[in-house]
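1. Below are the sequence and a predicted model; questions follow.
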Amino acid sequence: MDINVEVQRQLNILKRGVEELISEKELEKKLKKSLETNTPLIVKLGIDPTGSDLHIGHAVPLRKLKQFQDLGHRVKFLIGTFTARIGDPTGKSETRPMLSSEDITKNIQTYLDQLKLILDMEKTEVVYNGDWLEKLKLEDVLKLLSQFTVAQMIQRDDFSKRLAAGKPVSLVEFMYPILQGYDSVAIDADVELGATEQTFNLLRGRDLQRNAGTEPQVCMMMPILEGLDGVEKMSKSLNNYIGITEAPNDMFGKVMSISDDLMWNYYEVATDVPMEEVGRLKAGVADGSIHPMDCKKRLGAEIVTIYHNEEEGRKAYDWFENVFSKRNMDVDLPEVKIDEDEVGAIDLLVKKLNFFKGTSDARRLITQGGFKVNDVAVKDVKAMIKIEAGMIVRAGKKKIVKITK
């Protein structure tokens, strides 16, 4: 094997979709040393078990971790059993309440169950930072604190904005990036993955490793995936997400709702389609030889295949074609039972079908003609809908149900 050629091959795979790399030269050097000594790199990705359900935005760094895994490197998936009690201040406008041990334990199991959809768990070493952080003595903590200044900490964007707005920043929050950095020392990380908003924290790991006399880790920052609205980052609370455990048809339908411009970003960071092929598809759309909807359907099938399998991807593609392109209703549709004989249009969408969390989105859909009953648009937000068994209700391009009584 030509080591230099293999280094470039791995580097090309690993750089795909990366927002920032500190630094490429260091990663190249580490990869070369790894191959020369037949010693895999230790690659770290840390999460705090503050939530439960994963979406494809969460999956961006996880899929990068899988690439390292496939290239033969040693993956350490770090669960912040200790740091979760503090709460990561990243992107927060106020101090976050500490989680209970019960919540943490419950969330950990949910995370691990979902990780199996992305990582090879037999090759994944799951570690918990409570194992070493809980053993630190006050003297150890003071030594960690002595390596940083208040001026350094308030350079962090979250803190500076809150201080400027007169909002409090607790000293405990100052500890978070330092403890995350110490995690890298504890597991001797060669590479740490994180989102771009985590850059400040990841760099603290480099500082502490350097101060400890070891080679600093490479920081690989992944982009924050925009949600289905193309504006805010993907988030369950904003209802603009694609969950990795969602049903194939729901997953496919949600992909169909994104903008033509946004789909290229999804292709790059959420699929394995070679970038050369993505480039050809993009060029075809630009010159009119390929319809953007065909590219979006391909994207939907690719994403369903990743989290389910190829057959489910193909079936979801066919289902969407039948229901939305060919208007063929002779297919299985999700069913919802409604006992009432008549329901207001807003209440039907929000309360009965749970298509929207609030009335404003439902109103917007109705006035734009996206709400259809038996393929007839209902544009009056005050309309009363007569409920009949077998009626088909559509909401935009991704939601469709059959009503039963």
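-> Looks like it came in fine.
2. wait, is residue 75 part of a helix?
-> No: using DSSP: H, G, I helix; E, B strand; the rest coil, the assignment for residue 75 is strand, not a helix.
3. what is it paired to in the beta sheet?
-> residue 43, residue 124 (DSSP bridges).
4. check contacts around it.
-> 43, 45, 65, 68, 69, 119, 123, 124, 125 (C-beta atoms under 8 Å, 6 or more residues apart in numbering). Glycine gets a C-beta too; all of them are placed from N, C-alpha and C.
5. give me that answer again for 10 Å
-> With contact set as C-beta atoms under 10 Å, 6 or more residues apart in numbering, residue 75 has these partners: 40-45, 65-66, 68-69, 119-121, 123-126, 191, 193.
6. Most distant residue from the centre of the chain?
-> residue 341 (40.8 Å; C-alpha atoms, centre = their mean).
7. Could you report the pLDDT at the residue nearest to residue 145 when sequence neighbours are not counted?
-> Using C-beta to C-beta, 6 or more residues apart in numbering and skipping residues adjacent in sequence, the residue nearest residue 145 is residue 178, 7.0 Å away. We have a pLDDT of 95 for residue 178.
8. Just the C-alphas of the helix or strand where residue 178 lies, formatted as CSV.
-> Assigned by DSSP states H and E, residue 178 falls within helix 171-187. Provided in CSV are the C-alpha atoms of helix 171-187 (Å, rounded to 0.1, in the frame of the first residue of the first chain):
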residue,chain,number,x,y,z
LEU,A,171,-19.7,30.2,37.0
VAL,A,172,-20.9,26.6,36.5
GLU,A,173,-21.4,27.4,32.8
PHE,A,174,-17.8,28.6,32.5
MET,A,175,-16.9,25.1,33.7
TYR,A,176,-18.7,23.4,30.8
PRO,A,177,-16.2,23.9,28.0
ILE,A,178,-13.3,23.3,30.4
LEU,A,179,-14.8,19.9,31.4
GLN,A,180,-15.5,19.0,27.8
GLY,A,181,-11.9,19.8,27.0
TYR,A,182,-10.8,17.6,29.9
ASP,A,183,-12.8,14.7,28.4
SER,A,184,-10.4,14.9,25.4
VAL,A,185,-7.4,14.6,27.8
ALA,A,186,-9.0,11.7,29.7
ILE,A,187,-9.6,9.6,26.6
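9. Okay, helices next: where are they in the stretch 151-300 of the chain?
-> 157-164, 171-187, 199-211, 248-256, 260-270, 275-287, 292-307 (DSSP state H, counting those that start in this stretch).
10. correct me, but residue 385 touches residue 393?
-> Yes: in terms of C-beta atoms under 10 Å, residue 385 counts as a neighbour of residue 393; the distance is 8.2 Å.
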